[in-house]
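Colleague: Okay, predicted coordinates and the sequence, questions at the end:
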Amino acid sequence: MESKSIYSAQVQQYKDSVKEKAEELILKGFPKKIDELNELLQTSQFRKQDLNDVHQKLNIPVPDPIDLSKDMDIELSSRKCRCDIGGTRVMVLPGGMVPCNKQLCELVHVVKPHIRQLIEDTNLLKMWITFMIPKIEDGNNFGVSIQEDTLAEIQSVESEAASFYDQISRYFLSRAKMVSKVAKYPHVEDYRRAMKELDEKEYLSLWLVMSEVRNRYCTIYDIVIKNLEKIKKPRNSNADSLY
């Protein structure tokens, strides 16, 4: 029994610490974070007007065309003649390693910590509201419904923030495939153009992700502050109605 009471006290201590941290976060942390993100979005790193600035020069030169008629005896009249259009077999790149887009990598390093922080903050608020939901009773559940709606909104933001990580990893995978296409078909200019378009798209996506992180902080702050009284005290005491 004594050990049980110790564990119960530890759980209650954890709940109290969560409530204290969450209230501090929503009242002071969120306004500070929103101002920080607004300032970040106004920096030159996120406000490039000319998207040509985000292009990365590929380290894949265009080789000189090969005149096969000088090296091979090609019988055009033969029925066994086959044209190989499978591209160039890439054994090694003459210029060495093909680098990642430096500017976009720097932008990713800026964006990812804010995504992670949003996930951690929403997880804390989720536990905070969960701990304040009272036991199930008949009637007087309007405040409880506000808690549940707010909790659902926070869970949605948490899931959306987690999906931003997938978006970043998909970009690098798509770019790697495009690099292999350029290496295999170095004379096809469309692949090189597609690479530039992919980098421009990712820059806009990173800007949008950063804006959405800021917007989600604003949305959660707004809904929690407007309903803070009901979230913290979902059921009114009936004692006041007796007098």
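Modeller: Received the coordinates, thanks. Numbers count the residues shown, from 1 in each chain.
Colleague: got any ranges where the chain has weak pLDDT?
Modeller: 1-4, 66-92, 237-243 (pLDDT under 70).
Colleague: mind redoing it with 90?
Modeller: 1-11, 48-49, 51-52, 56-99, 134-143, 183-184, 186-187, 234-243 (pLDDT under 90).
Colleague: tell me how far stretch 117-125 is from the chain's mean position?
Modeller: With CA atoms, centre = their mean, to the nearest Å as the basis, stretch 117-125 stands 14 Å off its chain's centre.
Colleague: what does that stretch rub up against?
Modeller: Contacts to stretch 117-125, defined as CB atoms under 8 Å, 6 or more residues apart in numbering, come from residues 18, 21-22, 25-26, 29-30, 33, 154-155, 157-158, 161-162, 213, 216-217, 220, 224. Bear in mind the C-beta positions are built from the backbone N, C-alpha and C, glycine included.
Colleague: Can you list which of those residues are found in helices?
Modeller: Counting by DSSP state H, the part of the contacts of stretch 117-125 found in helices is 18, 21-22, 30, 33, 154-155, 157-158, 161-162, 213, 216-217, 220, 224.
Colleague: Give me the buried subset of the contacts of stretch 117-125.
Modeller: 18, 21-22, 25-26, 29-30, 33, 154, 157-158, 161, 213, 216-217, 220, 224 (16 or more other CB atoms under 10 Å).
Colleague: Relative to Asp149, how far out is Lys184?
Modeller: In this view, Lys184 and Asp149 are 53 Å apart by CB to CB, to the nearest Å.
Colleague: Ok, Val224 next?
Modeller: From Val224 over to Asp149 (counting by CB to CB), the distance is 11 Å.
Colleague: Next: Leu51.
Modeller: Applying CB to CB to Leu51 and Asp149 gives a distance of 40 Å.
Colleague: likewise Leu27?
Modeller: 20 Å.
Colleague: got it, and Gln42?
Modeller: 33 Å.
Colleague: where does Tyr60 land in three-state SS?
Modeller: No, residue 60 isn't Tyr; it's Ile. coil (DSSP: H, G, I helix; E, B strand; the rest coil).
Colleague: dump the residue contacts of the spatially most central residue of the chain.
Modeller: Centroid-nearest residue in the chain: Phe164, 2.0 Å away (criterion: CA atoms, centre = their mean). By CB under 8 Å, 6+ apart, the contact set of Phe164 is 111, 115, 209, 212-213.
Colleague: And His187, by the same measure?
Modeller: 62-63, 65.
Colleague: coming back round to it: just flag the most distant two among the ones in helices among the contacts of stretch 117-125.
Modeller: Comparing every pair within the ones in helices among the contacts of stretch 117-125 by CB to CB identifies Val18 and Val213 as the most remote, at 22.6 Å.
Colleague: Trp128: which of the ones in helices among the contacts of stretch 117-125 is nearest?
Modeller: Within the ones in helices among the contacts of stretch 117-125, proximity to Trp128 (CB to CB) peaks at Ala22, which comes in at 3.4 Å.
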